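S.K.: Kindly generate the corresponding structure for this input.
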Amino acid sequence: MKKTGGQTRITAASFIFLVLAFAMVMSMVMSGCVTIGREFPVDAVTRIQMGKTTRTEIDRLFGTPWRTGIDDGMRTWTYAHYRYSIFGDSRTRDLVVRFDEKGIVASYTFNSTYPEDAGSY
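M.R.: Sure thing, here's the model as predicted:
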């Protein structure tokens, strides 16, 4: 935006940015869907063995975690894919892996609202 003679004028670049931002917001509203995180290979969850699987193996199976942190003093890696919808059912999956001080899986939690995951784990 430029100020000329007491008036504020929108530059071409600012106008294009505003139009693109508006289009993006409208497409999200029209689709009624918001996705957080990223998909991960759910079938690989059964390969995790507490006390055996290493941090390197988890990285090989699932890739870079979406979020990392500390839980009860243990390093945690979180893999998550949350798909929220205004017009339909929301779907969520998350895997939290806790590592001991040697980088071995101490425990993990997998949760899902996908019907195809029910009873699989």
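
S.K.: hey, where'd the helices end up in this protein?
M.R.: 12-31, 55-62 (DSSP state H).

S.K.: Nearest to residue 90, out of those?
M.R.: Comparing those against residue 90 with C-beta to C-beta, the closest turns out to be helix 12-31 (13.3 Å). The way it works is simple: take the backbone N, C-alpha and C, and place the C-beta from them, glycine included.

S.K.: So for that closest one, mean pLDDT?
M.R.: Per-region confidence: helix 12-31 scores 74 on mean pLDDT.

S.K.: who's residue 75 bridged to?
M.R.: residue 70, residue 99 (DSSP bridges).

S.K.: what about it, neighbour count?
M.R.: 16 (other C-beta atoms under 10 Å).

S.K.: Could you shift the numbering so residue one becomes 52, and keep it that way?
M.R.: I'll keep to 52 as the first residue from here, and by that count the last item is residue 126.

S.K.: quick one: it and residue 86, what's the gap?
M.R.: In this view, residue 126 and residue 86 are 26 Å apart by C-beta to C-beta, to the nearest Å.

S.K.: repeat for residue 147
M.R.: 19 Å.

S.K.: more crowded one of those two?
M.R.: Higher neighbour count among residue 147 and residue 86: residue 147, with 18 against 12, using other C-beta under 10 Å.

S.K.: isn't the more buried one right next to residue 157, touching?
M.R.: No. Using C-beta atoms under 8 Å, residue 147 is not in contact with residue 157; the gap is 11.4 Å.

S.K.: Tell me which of the helices of the chain sits most buried.
M.R.: Highest mean neighbour count of the helices of the chain: helix 106-113, a mean of 16 (counted as mean count of other C-beta atoms under 10 Å).

S.K.: contacting residues around it?
M.R.: 91-92, 95, 98-99, 128, 130, 146, 148, 150, 154-156 (C-beta atoms under 8 Å, 6 or more residues apart in numbering).
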